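*Asks:* A predicted structure for the sequence below; I have some questions about it.
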Amino acid sequence: MKRLITLTMLAAALASSVAAQEPPAAPAAPAAPKAVAAPAASAPDGSVDALLKVLVKKGMLSEDEAKSVRVEQKAATPTTPSVPAVAPIPAIPPIPNPSANHTGEVNIVNHDYVVEQGTIVDGNARVVRGDLEVRGEVNGDASTTLGDVSVNGHVRGNVTAVRGDVSLGPTAVVDGDVQVVGGDLYQEAGSVVHGKIRNTEEPRVSFPGRVEGGRNFVREAVMNGPFNLPLAFTLLIVGIVLLAAAPQRMDLVGKTFVNRPVYSFMVGIASVPAMAVAAVLSIVTIVGPALVAAAYVGAFMMGVAAMALMLGRRVAVGKTYRSRFYPLTVGLLVWLFATAVSRVSNPLSGLMTAATVLAYIIAIGAALSTGFGASPFWLRDRFSRRAGAFSYVDPTNTYAGKTHL
């Protein structure tokens, strides 16, 4: 050990003498940092052996002394155990929050909605006037009104489309029933439906305000049908003009409709082929068919307006009114309301349609049989060729022009 200390002191003296003799060298560039720095030894084997060789060369040590120093240095140098390289620990990905993929009950109006894959709807998914597409999961029902339903995920409730189509993709799973109302069902291979599949026609309801298929009651009942709002408005205009120009004729046609319905019906039925024959016979005059058609349309308008006038008088009996147009308006409104209410039920609607067509035939017959209100027996007198036997209506025996009934 003493030799080792002596050797170290000699090495330090030798290094200082060598540094004094050599010129200063330029500073070396800094070494690149290493990834892992190993602990430095007090005197590496290579440096001690080099010093011993220098001392032996200069005659300061013998070979035996250098050899013994090497042995002592090797025994004194502690061995550093090798540390195995540690692989870097990979980063752990963040765990997604399950609640972020859940959403509450969905109610959408006038927009489409998509349940994306990985999303769970905790409740029902309803869309009105829009389409619904299910790619994820719905824990309730999936339904649309006036829209389509497309399922490529899992629906744990029922799937319903009112006035829309239902499409079941190859990965669709429906635990409940599938119902299509007023639409079509498209089911691809691989789709699973645990419940029942029902494809029904448009629903039928039994309360005013809506009719079958969910269609608007006012539009279907008032705008369509044998007696509708446009026709009622036209009859109101025509009736006002006729009541202002010829109130007694209107009154006579109305009374004929009420007092002689069978006779008026027979004339109305016979008028259809008679008008057709008259149109064919008068075709050579070019304007003949147009005049025949105008006469038939005029009889229809005058007869129906007179019928509405009589209906309004029956409804407004005992009531005072200043205008002769009041009963006409009341009659048209009552008739329109009765037609609209009858549209709620098919049997009632069919009965009202038949009654309306029958009233049209009687009204046409009343107008033609009286010569558009000229005489109660105008047609009979025409056939009997008694031109001078026309019995015109008595102005004192009419409701027209009176201020009350």
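*Replies:* Noted; the coordinates are in hand. Residues are numbered from 1 along each chain as shown.
*Asks:* tell me the contacts of T356?
*Replies:* By Cβ atoms under 8 Å, 6 or more residues apart in numbering, the contact list for T356 reads P226, F227, T339. In short, each C-beta sits where N, CA and C put it, glycine included.
*Asks:* Would you check how far apart the second one and F337 are?
*Replies:* Using Cβ to Cβ, to the nearest Å, F227 is found at 10 Å from F337.
*Asks:* More neighbours: these two, which one.
*Replies:* Applying other Cβ atoms under 10 Å to F227 and F337 shows that F227 carries more neighbours, namely 24 against 12.
*Asks:* closest to L242 among the contacts of T356?
*Replies:* F227 (18.6 Å; Cβ to Cβ).
*Asks:* Could I get the full set of helices for the protein?
*Replies:* For the chain, the helices defined by DSSP state H cover 2-21, 45-58, 63-76, 217-223, 229-245, 247-259, 261-281, 288-315, 326-342, 346-369, 378-383.
*Asks:* Can you check what angle separates the longest one from helix 229-245?
*Replies:* Orientation check (axes from the mean of the first three to the mean of the last three Cα atoms, to 10 degrees): helix 288-315 against helix 229-245 gives 90 degrees.
*Asks:* Helix 288-315 packs against which elements?
*Replies:* In this structure, helix 288-315 packs against helix 229-245, helix 247-259, helix 261-281, helix 326-342, helix 346-369, with contacts taken as 3 or more Cβ pairs under 8 Å, 6 or more residues apart in numbering; DSSP states H and E.
*Asks:* Which of those sits closest to R198?
*Replies:* Taking those one by one with Cβ to Cβ, helix 346-369 is closest: 21.3 Å.
*Asks:* For that closest one, the averaged confidence score.
*Replies:* For helix 346-369, mean pLDDT rounds to 87.
*Asks:* For the remainder of this discussion, apply numbering that starts at 23.
*Replies:* Yep, numbering from 23; the last one is helix 368-391 now.
*Asks:* how near is G393 to M288?
*Replies:* 16 Å.
*Asks:* cool, and L390?
*Replies:* When distance is defined by Cβ to Cβ, L390 is 11 Å away from M288.
*Asks:* of these two, who's got more company?
*Replies:* Ranked by neighbour count (other Cβ under 10 Å), L390 and M288 place L390 first, with 26 against 15.
*Asks:* so who does the more buried one touch?
*Replies:* Residues counted as contacts of L390 (Cβ under 8 Å, 6+ apart) are V289, G290, S293, A321, L401.
*Asks:* and which of these is nearest A183?
*Replies:* Nearest to A183 among those, with distances taken as Cβ to Cβ, is G290, at 47.6 Å.
*Asks:* On the pLDDT front, check the closest one for me.
*Replies:* pLDDT, G290: 87.
*Asks:* Please list all residues in contact with it.
*Replies:* Contacts of G290 (Cβ under 8 Å, 6+ apart): Y382, I383, I384, A385, I386, G387, A388, L390.
*Asks:* In space, what's closest to it - neighbours in sequence excluded?
*Replies:* With Cβ to Cβ, 6 or more residues apart in numbering as the criterion, G290 has its nearest non-adjacent residue at 3.2 Å, and that residue is G387.
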